[in-house]
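Asker: Let me see the structure of the following:
(2 chains)
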2 protein chains.
Amino acid sequence: MSNPLTEAFKNSKFQLTGHGPRNVQILKKAFADIPDDQVSDMYGNGEGIEAFENKIAAYLGKDSAVFFPSGTMAQQIALRIWCDQKGVHKVAYHPLSHLEIHEEDGLKELHNIETFLLADKDRVIEFEDVKEMDQDISCLLLELPQREIGGQLPSYETLERISEYCRGNGIKLHLDGARLFEILPFYQKTAVEVCALFDSVYVSFYKGIGGIAGAILAGDKEFTDTSKIWKRRHGGDLISLYPYIIPADYYFEKRRDKMEQYLEGAKELAAFFNSVPSISTTPIHPVSNMFHVHIEKRKEDIEAILAQLIKETGIGVTSYVKETEEKTCYFEVSIGDHYENIPKAQLKELFERLEIEIGIN
Amino acid sequence: MSNPLTEAFKNSKFQLTGHGPRNVQILKKAFADIPDDQVSDMYGNGEGIEAFENKIAAYLGKDSAVFFPSGTMAQQIALRIWCDQKGVHKVAYHPLSHLEIHEEDGLKELHNIETFLLADKDRVIEFEDVKEMDQDISCLLLELPQREIGGQLPSYETLERISEYCRGNGIKLHLDGARLFEILPFYQKTAVEVCALFDSVYVSFYKGIGGIAGAILAGDKEFTDTSKIWKRRHGGDLISLYPYIIPADYYFEKRRDKMEQYLEGAKELAAFFNSVPSISTTPIHPVSNMFHVHIEKRKEDIEAILAQLIKETGIGVTSYVKETEEKTCYFEVSIGDHYENIPKAQLKELFERLEIEIGIN
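Answerer: Below you'll find the predicted structure:
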């Protein structure tokens, strides 16, 4: 399965992206100071799970929160609850929503919920899209940032207008906040302020936070109580979730205040990429720790160039490159702890070399 | 929430049941010898998950196996696949099946599958029940042993007859093998022999095996491939399942060959209980590591007696007692590693004291 680019990235001294390899050390570090006799949660109950749920509920400014093994499970359930409450089995979200493209149609196959795809693929949902949608829906899901288009955001004013509109029109507003922590520095808002615009919120603990897996779903008490019933139905009410909860808490504490640093890194790195002819980033000015790098060259050529450059410079640029429909290529960058370790002189050298190689090919 | 009996059990030197408290040490022990740089599985792929799936598939004698976070998820999916294949959304199982009483009707709510309850509550499903059921079903689920009635089993000949009948009548046979490892010594059969009677099999890694959580679903390749699509739909295709897989493997190796010892312990202990007037076990002669203890006394009285006896003898009998409809009471016993640590003289003393106390009350 492995190709030369993936191998080169794996063996590189530095990496532009991420917090490091997803290996067993992530777990061991998080458990190092946990006493052996700390008892497991039991089917969603117990001090360990409840303390973390309460802590994140407070952080998000919601009444109540429930820990789930996955966001896929948490979000389908959120939408199901809102649909059942209104008696309308239809929701709206972006055409590139996680639910639409990464979940094998679970929402439709398990919950029999129809979806309305709002806005064009290549841009975020704007207020006008919501106002003009002319659909009877129970819930609108907004993903902040919109991951599949490089992590773009609407303006905060747009969020406020959408929220106000939904409240006035009997539409629940759900936040796909897989990367909520990562966007707070751009909006210059607290999680409480952003989440106040939404009726329900999902956050993830293995993106910017860098935990192992797991999600929190938050909202009012009636909503989260119902979500626990659905969690059991989905097979997510495990006897023990602490193997995910303890790392989620550990890395939340470790990285919650580093999101500004990741944003600044993303801005700097995007500027480096945009300085190279044939390369551009989406968005041009990142609004979170992530962006996409588009290269107006063939995938095979870029793979070879990057594999070679990684070996020469010791800086892992990316582990993969994907082909676009136009036979150009792109990859995703998410800034984590690793970026700041790269000496700036080496970084400049990397991009000088990249410009030369791309010019030749 | 805690009562004096639960507290007394928790603080007891010895325990009749289980492998010990469900605490963080379970995880730490399993990971102690795993190298830091061992990489995570990624959404169901990778050496770690595939090696374990292949190993358990071979152990069960099936083509293929998939690791799931929970049995609830695995079994609903198994039944859904068989229903879709036949085009009949109806299955049959025991009235006290896990799916019927512990899953908040997930099978009905998520999969829209009707159920037919086979046999009386207080006995196992016999061949005649199957032969006479007169229902168009896609799948029959057998739970071996039937946990909610103390862990009872049909004869092996009955299993063979049911299997043959189902094959001849276009009915898939699914094994709820949450405690499959635990029944092999009684049947004197290998897992391969038992599983050969079934089209699909689920096994659990936190009952007799004593892992943290997690399940395997096994069957032919087409079946398990389809189960992976449903696993994603359910939100069970986590980016990392190794926090459950590594302990599952560790404790499988540690305990797979101890099931005979647990069965012998269960037989011995049940005989102790049955020697006390007003006490009887179901089944009288255990066929796995488990049985239920029924006491013809009021719950409150028994709680007080047991809490006191545990303190006096240092032997944790049970952590809870449940009331029956007839105002008598019962609790479940599952023999694990702890039972053999109890000195026989102390065990005898416990039951002599119990007989006196129950006689008085």
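Asker: so residue A:73 is in which element?
Answerer: Assigned by DSSP states H and E, residue A:73 belongs to helix A:71-86.
Asker: er, residue A:184 actually
Answerer: Per DSSP H and E: helix A:180-187 holds residue A:184.
Asker: The helix holding residue A:73 vs helix B:71-86, what angle?
Answerer: Put simply, helix A:71-86 runs at 70 degrees to helix B:71-86, going by axes from the mean of the first three to the mean of the last three Cα atoms, to 10 degrees.
Asker: Just the C-alpha atoms of helix A:71-86, please, in CSV.
Answerer: Extracted C-alpha coordinates of helix A:71-86, given in CSV (Å, rounded to 0.1, in the frame of the first residue of the first chain):
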residue,chain,number,x,y,z
GLY,A,71,-18.8,12.0,15.7
THR,A,72,-20.5,9.9,13.0
MET,A,73,-22.7,8.4,15.7
ALA,A,74,-23.2,11.7,17.7
GLN,A,75,-24.3,13.7,14.7
GLN,A,76,-26.7,11.3,13.2
ILE,A,77,-28.3,11.0,16.6
ALA,A,78,-28.5,14.8,17.0
LEU,A,79,-30.3,15.2,13.7
ARG,A,80,-32.6,12.2,14.5
ILE,A,81,-33.7,13.8,17.7
TRP,A,82,-34.5,17.2,16.1
CYS,A,83,-36.3,15.4,13.3
ASP,A,84,-38.4,13.3,15.7
GLN,A,85,-39.2,16.4,17.8
LYS,A,86,-40.5,18.4,14.8
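Asker: gap between it and the chain center?
Answerer: A distance of 19 Å separates the centroid of the chain from that of helix A:71-86, by Cα atoms, centre = their mean, to the nearest Å.
Asker: and what of stretch A:276-283?
Answerer: The answer for stretch A:276-283 is 22 Å, by Cα atoms, centre = their mean.
Asker: Next, the buried residues of it.
Answerer: A:276, A:279, A:280, A:281, A:282, A:283 (16 or more other Cβ atoms under 10 Å in any protein chain shown). Glycine gets a C-beta too; all of them are placed from N, C-alpha and C.
Asker: Distance check, the fifth one against chain B.
Answerer: So that's residue A:282. 24 Å (Cβ to the nearest Cβ, to the nearest Å).
Asker: picking up where we left off before, state the mean pLDDT of the helix holding residue A:184.
Answerer: Averaging pLDDT along helix A:180-187 gives 98.
Asker: So which residues make contact with it?
Answerer: Residues from elsewhere that reach helix A:180-187, judged by Cβ atoms under 8 Å, 6 or more residues apart in numbering or on different chains: A:144-145, A:151, A:153, A:156, A:190-191, A:194-195, A:201, A:203, A:207-209, A:255-256, A:259-260, A:262-263, A:287-290.
Asker: Filter those down to the ones in strands?
Answerer: Residues of the contacts of helix A:180-187 located in strands (DSSP state E): A:201, A:203, A:290.
Asker: Return the member of the residues you listed nearest to residue B:30.
Answerer: residue A:203 (28.5 Å; Cβ to Cβ).
Asker: from memory the closest one sits against residue A:177, does it?
Answerer: Yes - between residue A:203 and residue A:177 there is a contact under Cβ atoms under 8 Å: 4.6 Å.
Asker: Domain map for chain A?
Answerer: A:4-22+A:258-360, A:41-239 (automatic domain parsing).
Asker: Reduced to three states, what does the closest residue to residue A:229 other than its chain neighbours come out as?
Answerer: Counting by Cβ to Cβ, 6 or more residues apart in numbering or on different chains, residue A:229 lies nearest to residue B:104, which is 5.1 Å off, once chain neighbours are set aside. The three-state label given to residue B:104 by DSSP: H, G, I helix; E, B strand; the rest coil is coil.
Asker: ok, residue B:104 - contacts?
Answerer: Residue B:104 neighbours (Cβ under 8 Å, 6+ apart): A:229, A:230, A:232, A:233.
Asker: Can you add distance to residue A:98, neighbour count and secondary structure and give these back as TSV?
Answerer: Compiled in TSV, the contacts of residue B:104 are given as follows (distance: Cβ to Cβ, whole Å; neighbours: other Cβ atoms under 10 Å in any protein chain shown; DSSP: H, G, I helix; E, B strand; the rest coil):
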residue	distance to residue A:98	neighbour count	secondary structure
A:229	23	16	helix
A:230	18	26	helix
A:232	23	20	helix
A:233	21	26	helix
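Asker: Identify the bridge partners of residue A:14.
Answerer: Counting by DSSP bridges, residue A:14 forms beta bridges with residue A:315.
Asker: Report pLDDT for residue A:260.
Answerer: With respect to pLDDT, residue A:260 has a value of 98.
Asker: Skipping its backbone neighbours, what lies nearest it in space?
Answerer: Closest to residue A:260 by Cβ to Cβ, 6+ apart is residue A:185, at 4.2 Å.
Asker: swap in residue A:112?
Answerer: Using Cβ to Cβ, 6+ apart, the closest residue to residue A:112 is residue A:89 (6.0 Å).
Asker: now residue A:158
Answerer: Using Cβ to Cβ, 6+ apart and skipping the chain neighbours, the partner closest in space to residue A:158 is residue A:127 (5.2 Å).
Asker: hmm, back to that, next, the angle from the helix holding residue A:184 to strand A:200-204.
Answerer: 110 degrees.
Asker: can you confirm residue A:115 is in a helix?
Answerer: No - read with three-state DSSP, residue A:115 is strand and lies in no helix.
Asker: That one is in contact with residue A:101, isn't it?
Answerer: No - taking contacts as Cβ under 8 Å, residue A:115 lies outside contact range of residue A:101: 11.5 Å.
Asker: circling back: how much space between the residue nearest to residue A:158 and residue B:162?
Answerer: 62 Å (Cβ to Cβ, to the nearest Å).
Asker: between those two, who's got more neighbours?
Answerer: residue B:162 (23 against 17; other Cβ atoms under 10 Å in any protein chain shown).
Asker: Return the set of buried residues in the helix or strand hosting that one.
Answerer: Assigned by DSSP H and E, residue B:162 falls within helix B:156-168. Residues of helix B:156-168 classed as buried by neighbour count (16+ other Cβ under 10 Å): B:156, B:158, B:159, B:161, B:162, B:163, B:166.
Asker: Over to stretch A:54-67 now: how far is its first residue from its last?
Answerer: Terminal residues of stretch A:54-67 lie 10 Å apart, using Cα to Cα, to the nearest Å.
Asker: just how off-centre is it within its chain?
Answerer: That offset, for stretch A:54-67, works out to 19 Å (Cα atoms, centre = their mean).
Asker: Run through who's touching that stretch.
Answerer: A:44, A:49, A:52-53, A:74, A:190-193, A:195-196, A:201, A:203, A:214-221, A:223-225, A:227-228, A:231, A:241, A:244-245, A:248-249, A:252.
Asker: do the helix holding residue A:73 and chain B meet at all?
Answerer: Yes - Helix A:71-86 reaches chain B (Cβ under 8 Å from any Cβ of the partner chain) through A:71, A:72, A:73, A:74, A:76.
Asker: List only buried entries from these.
Answerer: Buried, going by 16+ other Cβ under 10 Å: A:71, A:72, A:73, A:74, A:76, out of the residues of helix A:71-86 next to chain B.
Asker: between those residues, which is closest to chain B?
Answerer: residue A:73 (2.7 Å; Cβ to the nearest Cβ).
Asker: in terms of contact, does the closest one touch residue B:233 like I think?
Answerer: No - contact criterion Cβ under 8 Å: residue A:73 and residue B:233 do not qualify, at 9.7 Å.
Asker: Share the number of residues neighbouring residue A:173, please.
Answerer: 22.
Asker: try the one 5 residues further on
Answerer: Residues contacting residue A:178 under the criterion other Cβ under 10 Å number 22.
Asker: if I pick it, what's in contact with it?
Answerer: Taking Cβ under 8 Å, 6+ apart, one finds A:71, A:98, A:143, A:147, A:202, A:203, A:204, A:207 in contact with residue A:178.
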